[in-house]
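Chemist: Take a look and give me a structure for this.
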Amino acid sequence: MLNLAIFGSGSGSNYQAIADAIAGGRLDARVACVISDTKDATILERARKLGHSAIYLDCAPFKTKLDGEAEQRAIELIKEHGGNFIVLAGFMRIIKPGLLTAFAGRIINIHPSLLPKFPGLEAGRQALEAGVKESGCTVHFVDGGIDTGPIIVQRKVPVLPSDTVETLMNRIHVQEHIAYPEALQKIAKDLAR
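Modeler: Take a look at the predicted model:
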């Protein structure tokens, strides 16, 4: 069974979609813990309301990566809570080799583009500036690169002539809430074989 350690920095809407899929019997998994690098993140409030372990992880002195003592603490927390897969759900830090090694092949991320197009930050803006006709989201395994790991699931949305970054991202987020549980269930089925 997938025992998910879910990492997030913000609202936790993808976490909520995963929790809803578990509760609805569409995803054979359990939430082991929810970890955030933001003390007052909504994802932690959501986790408390759903009865999941909600943990604030101080990542200082680093602003953009999970490294050093914080990385070691994250590994300890995941193991303490019985996590065997890491789900990055809006976690705004770069994952470093310590975590990648400890959970090799068991870290999953979602990105708001059809990778390999538009990796990194501001994927919606990148898509609009490139003038593409479609965008979407990608659930992928995490490796040492930026949004370069093997793709598990992709879902597409059209890019409309009237789109702003906000309207495009809103449509992509709707698809993310479908794609993440779908990708995790695909992994769960593969592990059950």
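Chemist: Please, where are all the helices along this protein?
Modeler: 13-23, 42-49, 68-80, 97-102, 123-130, 165-192 (DSSP state H).
Chemist: Any chance of those helices in a markdown table with mean pLDDT and distance to Ser36 as columns?
Modeler: Placement of C-beta: from N, CA and C, glycine included. Converted to a markdown table, those look like this (pLDDT from 0 to 100; distance: least, C-beta to C-beta, whole Å):
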| stretch | mean pLDDT | distance to Ser36 |
| --- | --- | --- |
| helix 13-23 | 98 | 10 |
| helix 42-49 | 98 | 5 |
| helix 68-80 | 97 | 11 |
| helix 97-102 | 96 | 15 |
| helix 123-130 | 97 | 22 |
| helix 165-192 | 97 | 17 |
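Chemist: So which of those helices is the most surrounded?
Modeler: Mean neighbour count, computed with mean count of other C-beta atoms under 10 Å, is highest for helix 13-23 among these, reaching a mean of 20.
Chemist: What are the contacting residues of that one?
Modeler: Taking C-beta atoms under 8 Å, 6 or more residues apart in numbering as the criterion, the residues outside helix 13-23 that touch it are 4, 6, 8, 27, 29-31, 34, 43, 46-47, 50, 52, 87, 89-90, 110, 173, 176-178, 180-181, 184-185.
Chemist: so how far is that helix from its chain's centroid?
Modeler: On the basis of C-alpha atoms, centre = their mean, to the nearest Å, the separation between the geometric centre of helix 13-23 and that of its chain is 12 Å.
Chemist: Over to stretch 8-25?
Modeler: For stretch 8-25, the distance from its own C-alpha centre to the chain's C-alpha centre is 10 Å (C-alpha atoms, centre = their mean).
Chemist: Likewise for stretch 55-67?
Modeler: Remark: stretch 55-67 is offset 17 Å from the chain centroid, using C-alpha atoms, centre = their mean.
Chemist: hang on, the earlier thing: mind checking the helices of the chain for the one nearest to Thr138?
Modeler: In terms of C-beta to C-beta, the element of the helices of the chain nearest to Thr138 is helix 165-192, at 7.9 Å.
Chemist: From the contact counts, what lies against that closest one?
Modeler: With contacts taken as 3 or more C-beta pairs under 8 Å, 6 or more residues apart in numbering; DSSP states H and E, helix 165-192 sits against strand 2-8, helix 13-23, strand 29-36, strand 85-88, strand 107-111, helix 123-130, strand 134-141, strand 151-158.
Chemist: what's the angle from it to helix 13-23?
Modeler: Taking axes from the mean of the first three to the mean of the last three C-alpha atoms, to 10 degrees, helix 165-192 and helix 13-23 form an angle of 40 degrees between their directions.
Chemist: Save the helices of the chain as a markdown table, and put in distance to Thr148 too.
Modeler: Putting these into a markdown table (distance: least, C-beta to C-beta, whole Å) gives the following:
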| stretch | distance to Thr148 |
| --- | --- |
| helix 13-23 | 20 |
| helix 42-49 | 25 |
| helix 68-80 | 20 |
| helix 97-102 | 12 |
| helix 123-130 | 14 |
| helix 165-192 | 17 |
